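**Q** Sequence and predicted structure below; questions after.
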Amino acid sequence: MTSSIAHPGTQIEDRLGPLLGARSLALIGASSNPNKLSGRTLRFLQQQQFTGEIYPINFTRAEIDGVRCYKTIRDIGRPVDLGLILTPARDALDALREGVEAGMRSFIVSASGFAEAGGEGVRLQTEISDFARAQNIRVLGPNCVGVINSRSRLMATFSGVGERLKIIEGGFSFASQSGAIAAYWLENVTNRGLGFAKWISTGNEADLTITDAIIHFALDPDTRVIGLYLEGVQDGAKLRAALMLARQMGKPVLVLKAGATKAGADAALSHTGAIAGADAVWNALFEQCGVVRCQSLTQMVSFAKLPLMQPGATGSRPAIVSVSGGAGALLTDEAVLAHFEVKDFTGTTKEKLTKALPEFASPRNPIDVTGAASPRPEIFSNTLEAIFEDEEHDSVIVFLSLSRPGVADNFVKALLTCGDRRGKPFLIISLGTTPELRDKLESVSIPVFDDIPEVIGALRAATVMHASMAPSAEESYAIVPRSASVGATALAEFAAREVIGSDWPFDWPKQVLVADAGQLRNLLSGLRLPVVAKLQSAQLLHKTEHGAVMLGLADPDAVERAVDELFKKARDMNISCDGILLQEMMHFEHELLLGLRQDPVFGPLLVIGRGGADVEADPDSLILLLPADAAAVERALRRLRYAKVLEHGRGRAPVDLRKLAEKIASFASWYCSRADVLEVEINPLAIGRGGQVAGLDALMSLARTAASVPPIR
């Protein structure tokens, strides 16, 4: 299956579909010893009652556990969908060749000893990658623990988790670049009775990747929520396209991301490089694609409950019901910290609550139903009925105890009467809930959580995931690949402005470049004083900290002294000097940073934030992966802490964020069209009281071998 998605020129193919949908499986190198890894899979398939055909391949055995063995794949004599290669690493390529000769197109290579081992293992893995491409086959692994399809009971894995696994069908699917993490996830999900659809370990990704797994899940009708354990990728654009496909298909994505991208953490001369390094780019990717980043597997499973049990659940104005006043107060605190609004009840709802509650209870949010509700569950059910009918609250959170016999049964009966929830998320917190009572509630889509932070976090994550599913368009302008180069040439401000030329959507201050002090008087006559003087050198890109910028030069004599001093500074520092740039000074209200650079994994990035000299001391910035349209830029601007000052002034001139975003998006489009421009930074991008927006300083780096792309004038 192929699908075209909202990413420029990207075609998506479900490369894992045939593998997960296999109806026949050859176990190549199957062992009769159940204690060996190569002997487990057949037992797992039998225990889980795989609905397809199983063909063990063993040269010396006639049968294993009552299943006929075959000496070679060719001896099977009929087409086989999937080959699980259980041989040592050195024999894996021969097994692939034999499978292809027999007509097989999908394989899982389980053995370790490939690229992760270095040396000879790297060569062996390269041979597998090359063979897979040459034969147009699909290979998962090597060094992976396989796959599981809960619907067909395909247990193509040797992982020890299969020893005690009770498969529960569900809508949660998971892919992992770590086999151990995959096993921990599976235990976590099944122990909580949540169930799953598909489970994939990608291993070393010689052919099929974690991105292919995301694409499969996005197109898979059995998958409703996607979970990922992710360490890194080579093709950032394809990963982004896959995540956007999941978003378009309405599949929430939860990710546990380990480490930071080394490729994105390279040092750069600009503030942009410092901001857009390490984990920041991954977080930007997740933000743009609507992915929720989790801190643990336990949190991932917790966050998955609401979208699985109550799809589309969202709510930021919760009604809180508790059997404890203290718990209600703690819940309120946690909700407010999550930026929820815990508003009181009014009008008819308050009247209904007054009738439902004991005389000594208050009909206020949070509601304490008191201990009187334990023997009288109608107090509880009547209170919930009034809240579910209330239109001012969009979610309901209940704190109670489901651990005390008798009392717990009464509470559960009351909760089960809440069939008509008016589309509101309904969440329960209960410490020490028995598995039986938890399963009874969750079987009717009422999720049960163990603690207060867990339930608030789950509701917050569900709200974010729901919002991310809203329609979103991204500008589809073309991105010209960056030029291959042996290095970069840094440009100071005057030279950078020359490259940008007329494609700059903002203003520049009026300026002249003084290459010779003898020219100063003639050049100065065209400027309005006061001016600023800046030393121009590609070896001194950050000028302020070196005293290479002089402000407020209000008369010709002051300008002349400044120019002489800056030329002398260049000589004293023994650096090249293109001249001294004189600019008319601009009175401005706001300073922003605008940066564009190339991430080695994810491609072109836009960095926007509060600018000035202290941009890294108090960072307030955001990253957007390009392409991004004006609407995406505006959303990013509004997420800045400084956004309220920009929009509402706070004693300064307000800024039209929409118009500003349109111009920033235009400049980003220019950058994406220039293969020669590796990085450009404007800091500050100054905004004046009359709405004038001008770049007051600029720096740029160009690919040294990109002379074939002429500057745009």
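**A** Looks like it came in fine.

**Q** from memory Ser112 sits against Ala92, does it?
**A** No: contact criterion CB atoms under 8 Å: Ser112 and Ala92 do not qualify, at 10.7 Å. The C-beta positions use only the backbone N, C-alpha and C, and glycine is treated the same way.

**Q** More neighbours: which of the two?
**A** Taking other CB atoms under 10 Å, Ser112 and Ala92 do not tie; Ala92 has more neighbours (29 against 17).

**Q** Quick check: the more buried one is in a strand.
**A** No: Ala92: not assigned to a strand; according to DSSP: H, G, I helix; E, B strand; the rest coil it is helix.

**Q** Just the pLDDT for it.
**A** The model reports Ala92 with a pLDDT of 97.

**Q** Could you report the distance from it to Ser129?
**A** Separation of Ala92 from Ser129 (CB to CB, to the nearest Å): 12 Å.

**Q** just to revisit the earlier point, common neighbours of Ser112 and Ala92, please.
**A** Pro142 (CB atoms under 8 Å, 6 or more residues apart in numbering).

**Q** which stretch of helix or strand covers Ser381?
**A** Element membership of Ser381 [criterion: DSSP states H and E] is helix 377-389.

**Q** ok, and the closest non-adjacent residue to Gly312?
**A** With sequence-adjacent residues excluded and distances taken as CB to CB, 6 or more residues apart in numbering, Gly312 is closest to His466, at 5.9 Å.

**Q** wait, I meant Asp507
**A** Nearest residue to Asp507, sequence neighbours excluded (CB to CB, 6+ apart): Ala694, at 4.1 Å.

**Q** The one you found pairs with what?
**A** Asp507, Ala686 (DSSP bridges).

**Q** cool, and the one 5 residues further on?
**A** Each beta-bridge partner of Leu699 is listed here, defined by DSSP bridges: Glu681.

**Q** Next, count neighbours for it.
**A** For Leu699, the count of nearby residues is 24 (other CB under 10 Å).

**Q** Identify the residues contacting it.
**A** Leu269, Ser270, Ala490, Leu491, Ala492, Glu493, Ala496, Leu541, Val680, Glu681.

**Q** now it: how far from Glu681?
**A** For Leu699, the distance to Glu681 - CB to CB - is 5 Å.

**Q** buried residues in stretch 323-333?
**A** Residues of stretch 323-333 classed as buried by neighbour count (16 or more other CB atoms under 10 Å): Val323, Ser324, Ala327, Gly328, Leu330, Leu331, Thr332.

**Q** nearest to Lys251, of those residues?
**A** Leu331 (29.9 Å; CB to CB).

**Q** Can you list which of the contacts of Leu699 are found in helices?
**A** Glu493, Ala496 (DSSP state H).

**Q** nearest to Ala175, of the contacts of Leu699?
**A** Ser270 (35.6 Å).

**Q** before we move on, the earlier item: most neighbours, which of the contacts of Leu699?
**A** When neighbours are counted by other CB under 10 Å, Glu681 leads those with 27 neighbours.

**Q** for Ser38, what are its contacts?
**A** Residues in contact with Ser38, defined by CB under 8 Å, 6+ apart, are Leu27, Gly29, Ala30, Ser31, Leu86, Thr87, Phe158.

**Q** Just give me the residue right at the centre of this structure.
**A** Taking CA atoms, centre = their mean, the centroid of the chain lies closest to Phe286, which sits 2.0 Å from it.

**Q** isn't it right up against Asp279?
**A** No: at 10.1 Å, Phe286 does not count as touching Asp279 under the criterion of CB under 8 Å.

**Q** which residues do those two both contact?
**A** Counting by CB under 8 Å, 6+ apart, the residues touching both Phe286 and Asp279 are Lys257.

**Q** Tell me where the stretch 551-700 of the chain has helices.
**A** Here the stretch 551-700 of the chain has its helices, by DSSP state H, counting those that start in this stretch, at 556-573, 630-639, 643-648, 657-672.

**Q** and the second one, what other elements does it pack with?
**A** In this case it means helix 630-639. Counting by 3 or more CB pairs under 8 Å, 6 or more residues apart in numbering; DSSP states H and E, the packing neighbours recorded for helix 630-639 are strand 603-610, strand 621-625, helix 643-648, helix 657-672.

**Q** Please report the distance of Ala632 from Ala280.
**A** Counting by CB to CB - Ala632 and Ala280 are separated by 17 Å.

**Q** Give me the secondary structure label for the residue nearest to Gly312.
**A** Three-state call for His466 (three-state DSSP): helix.

**Q** got a pLDDT number for Glu385?
**A** On the pLDDT scale, Glu385 is placed at 92.

**Q** Burial check on it, number of neighbours?
**A** Residues near Glu385, counting by other CB under 10 Å, number 15.

**Q** go on, Val281?
**A** When neighbours are defined as other CB under 10 Å, Val281 has 24 of them.

**Q** In a helix, it, correct?
**A** Yes: counting by three-state DSSP, Val281 is found in a helix.

**Q** my guess is it contacts Leu606, does it?
**A** No: look at Val281 against Leu606 with CB under 8 Å: they stay out of range, at 11.4 Å.

**Q** which residues are in contact with both of the two?
**A** By CB under 8 Å, 6+ apart, Val281 and Leu606 have these common neighbours: Ile623, Leu625.

**Q** ok, now how distant is Ala492 from Leu540?
**A** According to CB to CB, Ala492 stands 8 Å off from Leu540.

**Q** Tyr184 against Leu297, yeah?
**A** Yes: Tyr184 lies in contact with Leu297 (CB under 8 Å); the separation is 5.7 Å.

**Q** ok so, going back, neighbours of the residue nearest to Asp507, just the number please.
**A** When neighbours are counted by other CB under 10 Å, Ala694 registers 19.

**Q** what's the answer for Gly77, then?
**A** Neighbourhood size, Gly77 [other CB under 10 Å]: 10.

**Q** Angles on the backbone of it, please.
**A** phi 80, psi 10 (degrees, to the nearest 10).

**Q** What score does it have for pLDDT?
**A** In this prediction Gly77 is given a pLDDT of 94.

**Q** Run through the stretch 401-550 of the chain and note the low-pLDDT ranges.
**A** Within the stretch 401-550 of the chain, the ranges that satisfy pLDDT under 70 run 419, 470-479, 482-486.
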